[in-house]
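Q: Model the structure of this input:
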Amino acid sequence: MSDNLFELHVGYVSFKNPLALAPMAGIVDSEFARKYASDAGLVVLGAFNMDEASFKVASALVARGRKEFLCRESPLEVIQKEIRSVNSKSAVAVNVRSATLAPLIEAAKVVKKEGAILELNAHCRQPEMLEAGLGEALLSDLPKLMEWIRAIKETGVVLSVKVRANVVDDIKLARAIDRAGADIIHLDAMHEGFDGPDLEAILTYRDSTRLFLIANNSIRTFAGAKEAFSWGADMVSVARGAQNDPDLIPDLVKSVSSYQQAIGWYNAPKHVCSSGDFRGLAFCCLPVKPCPVHAKFQKLGYTAEEFARTKLDFAKGTLLEFGKDTCFGSLVWCCKVSKPCWIRDGALNALDLSDSEYMKLKRELAEYVLDHAKVPVNES
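A: Residues are numbered from 1 along each chain as shown. Alright, predicted model coming up:
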């Protein structure tokens, strides 16, 4: 199967598919990745302690039985060796935590040289971590978080930020990470009392930023992964699910690859009238009656006339321009192929346009609508 099936890339890094192995302290190393995640599009190693404060906290956690936080000596040497030892076509990221900036800069230089991704840990929430200003503590100090992101990005490294949902204002957090210049948000879509990802949290991040979005939290089946994709995730990551089931990542890769071949847009959004994100505007009807589409495009600064004109401008010269027998005389106004519609399907058949080709055009349309918005997503 072609590694270009998904055409996923961020900066100098390409992903062969939208499945990732999430970091687990003291567990996810290169050996674990080779055993459980050789098929993954991304392997996130770590987390690694980078400074004196993080080493001290790790030692305290080990003393109270949390052996997964065992300290590692010479972290930069270990990181370089671990990246080189993954030995697969998977992209590699390294999750790091520090209470000070300088070690993160040095780690970024090493990681960039290896063609990998640096992932800033703003996620761990053990009391000792928070007290030392590590992990999730960064979420409560956005100016500091933004300052660190800007400084790290000066190295040229592709930067991911691992965060936890429902801790602070998620809209402000997503926009802050975006404006500071990060490349990826790795979201633990956790919600107390829920088993599985908080899908509305994924939607919140998707409608607050156009950064590459990885969603995580108890995804154990392709149905669960597909839900996360439809609410806005570009990639999903699994952690203990892979540890418990060595076939989980291979099975998910196989399923999403088959789905992409069939539908052409593996993470196509829900329709706007069903709580879809901004990308769902590609499937909306001509805005001639009251419906949720108006509130959606208005957030992007469009009037109804401007929104309609933007979609029609994109359609010119593409097969979306045709379909005179559809509800509004053009496929540009038609819904996604998962919704039954014999009129749309008749137009597709007449044009010899496959479902996947149609959906690829709709994906391009969604990007076009966002590219021409008067109000950017991270300000809407």
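
Q: Flag every buried residue along stretch 199-217.
A: Of the residues in stretch 199-217, 199, 201-217 count as buried by neighbour count, 16 or more other Cβ atoms under 10 Å. For glycine as for every other residue, the C-beta is placed from the backbone atoms N, C-alpha and C.

Q: In the protein, what helix or strand scores lowest on average pLDDT?
A: Of all the helices and strands that make up the chain, helix 52-63 has the lowest average by mean pLDDT, DSSP states H and E, namely a mean of 74.

Q: just checking, what packs against the helix or strand just after it?
A: Going down the chain from helix 52-63, the next helix or strand is helix 75-85, by DSSP states H and E. With contacts taken as 3 or more Cβ pairs under 8 Å, 6 or more residues apart in numbering; DSSP states H and E, helix 75-85 sits against helix 30-36, strand 42-49, strand 91-97, helix 102-113.

Q: Run the angle between the least confident helix or strand of the chain and helix 75-85 for me.
A: Comparing the axes of helix 52-63 and helix 75-85 via axes from the mean of the first three to the mean of the last three Cα atoms, to 10 degrees yields an angle of 70 degrees.

Q: Now do helix 52-63 against helix 102-113, angle only.
A: 90 degrees.

Q: then helix 52-63 to PDB, C-alphas only?
A: C-alpha atoms of helix 52-63 as PDB (Å, rounded to 0.1, in the frame of the first residue of the first chain):
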ATOM      1  CA  GLU A  52      17.500  18.900  37.500                       C
ATOM      2  CA  ALA A  53      13.900  19.700  38.600                       C
ATOM      3  CA  SER A  54      12.400  17.000  36.400                       C
ATOM      4  CA  PHE A  55      15.100  14.500  37.600                       C
ATOM      5  CA  LYS A  56      14.300  15.300  41.200                       C
ATOM      6  CA  VAL A  57      10.500  14.900  40.700                       C
ATOM      7  CA  ALA A  58      11.000  11.700  38.900                       C
ATOM      8  CA  SER A  59      13.100  10.300  41.800                       C
ATOM      9  CA  ALA A  60      10.400  11.300  44.200                       C
ATOM     10  CA  LEU A  61       7.700   9.600  42.100                       C
ATOM     11  CA  VAL A  62       9.900   6.400  41.900                       C
ATOM     12  CA  ALA A  63      10.200   6.500  45.700                       C
END
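
Q: got the CA coordinates for stretch 11-22 in CSV?
A: What follows is stretch 11-22, C-alpha atoms only, in CSV (Å, rounded to 0.1, in the frame of the first residue of the first chain):
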residue,chain,number,x,y,z
GLY,A,11,7.2,20.8,8.1
TYR,A,12,10.1,18.4,7.2
VAL,A,13,8.2,15.3,8.6
SER,A,14,5.8,13.0,6.6
PHE,A,15,3.4,10.5,8.1
LYS,A,16,2.6,7.3,6.3
ASN,A,17,-0.8,7.1,8.0
PRO,A,18,-2.8,8.9,10.7
LEU,A,19,-2.1,6.5,13.6
ALA,A,20,0.3,7.3,16.4
LEU,A,21,1.8,5.6,19.4
ALA,A,22,1.4,8.0,22.3
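
Q: now, which of the buried residues of stretch 199-217 lie within strands?
A: Counted as lying in strands by DSSP state E, out of the buried residues of stretch 199-217, are 212, 213, 214, 215, 216.

Q: Just grab the bridge partners of the fourth one for me.
A: Right, residue 215. residue 187, residue 236 (DSSP bridges).

Q: Give me the distance between the residue positioned nearest the centre of the chain and residue 232.
A: Among the residues of the chain, the one closest to the centroid is residue 213, at 1.7 Å (Cα atoms, centre = their mean). Distance, residue 213 to residue 232, using Cβ to Cβ, to the nearest Å: 6 Å.

Q: any common contacting residues for those two?
A: Taking Cβ atoms under 8 Å, 6 or more residues apart in numbering as the criterion, residue 213 and residue 232 both touch 202, 205, 206.

Q: okay if I get the residues you listed as JSON lines plus pLDDT and distance to residue 137?
A: Putting the shared contacts of residue 213 and residue 232 into JSON lines (pLDDT from 0 to 100; distance: Cβ to Cβ, whole Å) gives the following:
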{"residue": "202", "pLDDT": "97", "distance to residue 137": "23"}
{"residue": "205", "pLDDT": "98", "distance to residue 137": "20"}
{"residue": "206", "pLDDT": "98", "distance to residue 137": "26"}
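
Q: I'd like to know which of the residues you listed is nearest to residue 318.
A: Checking the shared contacts of residue 213 and residue 232 against residue 318 with Cβ to Cβ, the nearest one is residue 206 at 25.0 Å.

Q: Surely the closest one touches residue 230?
A: No: applying Cβ atoms under 8 Å as the test, residue 206 and residue 230 come out as separate, 10.3 Å apart.

Q: Please name the residues that touch residue 22.
A: Neighbours of residue 22 in contact, by Cβ under 8 Å, 6+ apart: 28, 44, 186, 216, 237, 238, 239.
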